[in-house]
Structures are given as C-alpha cells and as structure tokens.
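Participant: structure for the following, please:
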Amino acid sequence: MATQGFEIPTEFRDFADKSVDQARNAFGSFLSGAVKTSEQLQSTGVNVQSTVHAAVLKGIDHAQTNANATFDFTQKLVRARDLREAFEIQSEYVKSQFAALQAQAKDYGALAQKAAH
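Facilitator: All right, here's what the predicted structure looks like:
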C-alpha cells in the first residue's frame, strides 16, 4: 500500500489535540449553562410538565454523550500515526455511535410512551 510510508507530523497532531481540548471545554461550558437554565425554569415556578422536562434533560445528556464521543474520536484520529490507524479509529467510532443512537432512540420512545399515558 502506498500510504504505509506516510506519517502525520507530530506538530500537526499536537496542534489538533489542543484544539480538540479547547472545543471540548467550550462545549462543556455550553452544556453547563443549558442545565442551569433548565433548573432555573423549573425552580422559578414555570409550569413545565415533568415528561417534557425529562425529555429536555435527556436531550442535554445525549448531546453531551455524543459530543464527548466525537471529541474522543477526533482526539484519537489526530493522534493516528498513519492512514490505516485512522481508518480503524473511524470504523470503531461509527459502530459505537450507531449503537448509542439506537439506545437514545429507545430512551425517547420510552418518554413518548410515558407522555401518552
């Protein structure tokens, strides 16, 4: 294979790694703000049905889980030493995200059934 001799420069991987950390921190701050806002809405007496509130919190939780998985994937990817390793990392990520999305869909289905009753 012609790509076996190609190696991603260490400087590029270090720069990309730091960028992923910064993005992860920024997204974490965003999610913290979303949770605080949700809690404030509930504590100030705004009438939010518990099922809707649970769905919002579940959505935030899923967003955080998916974002963390993406950040982890990106960090692994920028640390890959060659294309073969990068393809293996991508394949693993796609499989795990598909399973996570299936589980999340079940969560939302359960919430919908609860709301229907």
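
Participant: worst-scoring helix or strand of the chain, pLDDT-wise?
Facilitator: Ranked by mean pLDDT, DSSP states H and E, the weakest helix or strand in the chain is helix 10-43, scoring a mean of 82.

Participant: next, the buried residues of that one.
Facilitator: By neighbour count with 16 or more other C-beta atoms under 10 Å, helix 10-43 contains the buried residues 13, 16, 20, 24, 27, 31, 34, 38. For glycine as for every other residue, the C-beta is placed from the backbone atoms N, C-alpha and C.

Participant: ditto for stretch 58-66
Facilitator: Neighbour-count burial for stretch 58-66 flags 59-60, 62, 64 (criterion: 16+ other C-beta under 10 Å).

Participant: looking at these, spot the one nearest residue 112.
Facilitator: residue 59 (13.0 Å; C-beta to C-beta).

Participant: can you check what angle separates the helix or strand hosting the closest one from helix 10-43?
Facilitator: Assigned by DSSP states H and E, residue 59 belongs to helix 50-78. With axes from the mean of the first three to the mean of the last three C-alpha atoms, to 10 degrees defining the directions, helix 50-78 sits at 170 degrees from helix 10-43.

Participant: after helix 50-78, heading C-terminal, what element do we hit next?
Facilitator: Next along from helix 50-78, by DSSP H and E: helix 83-116.

Participant: quick check: mean pLDDT of that following helix?
Facilitator: Helix 83-116 comes out with an average pLDDT of 88.

Participant: since that was my last question, I'll sign off now.
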